[in-house]
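Next comes the sequence, and after it the predicted model I'd like to discuss.
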2 protein chains.
Amino acid sequence: MNDFISRVEILKLIAHPVRITILQELSKGVKCVSDFEEFLEISQPNISQHLGALRRAGIIDFFIDGRLRCYFLKSPFVVDLLEIFSKEYPGELPGPECCPTTKKGTYPGERRR
Amino acid sequence: MNDFISRVEILKLIAHPVRITILQELSKGVKCVSDFEEFLEISQPNISQHLGALRRAGIIDFFIDGRLRCYFLKSPFVVDLLEIFSKEYPGELPGPECCPTTKKGTYPGERRR
DNA sequence: TTCATATATAATAATATTATTATGTTTTTA
DNA sequence: TAAAAACATAATAATATTATTATATATGAA
């Protein structure tokens, strides 16, 4: 139940264009903050804030290397998520038979009202 | 590129405790609004709003059945996402070797600064 | 030491999300 | 045909997210 909430929180964090780009990069390997500055078109403090948020959530972490901070992915959940995020899904699910009133098809579970 | 953004928008929508619960239910089969009222502890208008948002995003759709509206899942992406959302991930990814300054390990890509 | 580099933190204003309350629409039933 | 059931929509206040600006810290170089 609390696990549910924390997963939702992680999803919420990932659901941002900049942060998902950061995570996609990190899934390829370690990367330092100044690397991100080169291709993310946002300010350095903003990058830091996004990295900080991801870190506080336990999704990423970093090594200190001189004056660099080299970030890396920690979460296997995020790896899986990134994979389906970039996957193509042609078409939609087949619509189910319905409905409880017209008695077309079957209706899952109970219905009282 | 626009595909990227719309995927992020979908993620954003899913990243909400009520909406993900709705989607989890719908992944089991069709369900009408009053069914949701029985186990979601929020108001009917609020349920409608969440359903409306999911529908406008093309994630779900409904049949009209008398005065019922029976919602169902349309998005195969969401099916995959729900699966990994509930999956257990024991442990973390192994930390990579680092770093560019200390020359420990290898560093992916280019670094100038 | 002093300066520049690499990064983080804090404060804040703009914007977006959320739940609530009130009301509207459509369909069935009495 | 009037009422109720099932659901949607609109307006709004509370809250959360976001990017910006300014400033701080820590490390290495000169």
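Structure's in. What do you need? This one's a predicted model, so the numbers in the text were calculated from it and none came from an experiment.

A:Ala57: neighbour count?
Using other Cβ atoms under 10 Å in any protein chain shown, A:Ala57 has 17 other residues around it. Glycine gets a C-beta too; all of them are placed from N, C-alpha and C.

Near DNA strand C, which residues of chain A? Just list them.
A:32-34, A:37, A:44-45, A:47-49, A:51-52, A:62, A:67-70, A:101 (Cβ under 7 Å from any atom of the strand).

Of those, which count as buried by neighbour count?
The neighbour count (16 or more other Cβ atoms under 10 Å in any protein chain shown) marks A:32, A:47, A:51, A:62, A:68-70, A:101 as buried among those.

tell me the two of those residues that are most distant?
Within those, A:Leu68 and A:Thr101 form the most distant pair, 64.2 Å apart (Cβ to Cβ).

Show the average pLDDT along the one helix or strand A:Ser6 maps to.
Element membership for A:Ser6 (DSSP states H and E) is helix A:2-14. On average, the pLDDT along helix A:2-14 is 94.

wait, what's in contact with the closest residue to A:Gly58 other than its chain neighbours?
Leaving aside its sequence neighbours, A:Gly58 sits nearest to A:Lys74 (Cβ to Cβ, 6 or more residues apart in numbering or on different chains; 6.5 Å). Shown in contact with A:Lys74 (Cβ atoms under 8 Å, 6 or more residues apart in numbering or on different chains): A:58-61, B:92-93, B:95.

if we can go back for a sec, and the residues of chain A next to DNA strand C, which of them are in helices?
Counting by DSSP state H, these place A:33-34, A:37, A:44-45, A:47-49, A:51-52 in helices.

got a list of what the residue nearest to the spatial centre of chain A touches?
When Cα atoms, centre = their mean is applied to chain A, the residue found nearest the centroid is A:Ile14 (3.3 Å). Residues near A:Ile14 by Cβ under 8 Å, 6+ apart: A:20, A:23, A:59, A:78, A:81, B:11, B:15.

so who does the third one touch?
Looking back up the chat, that one is A:Ile59. Per Cβ under 8 Å, 6+ apart, neighbours of A:Ile59: A:10, A:13-14, A:23, A:73-75, A:78.

which of those come close to DNA strand D?
Okay, of the contacts of A:Ile59, nothing touches DNA strand D (Cβ under 7 Å from any atom of the strand).

how about the residues of chain A that lie near DNA strand D?
So far as Cβ under 7 Å from any atom of the strand goes, chain A lies against DNA strand D at A:12, A:16, A:18, A:42-43, A:45-46, A:49-50, A:53, A:64, A:66-67, A:113.

Buried ones only from the residues you listed, please, as a ChimeraX command.
In ChimeraX, this line selects whichever of the residues of chain A next to DNA strand D come out buried by 16+ other Cβ under 10 Å:
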select /A:12,16,18,50
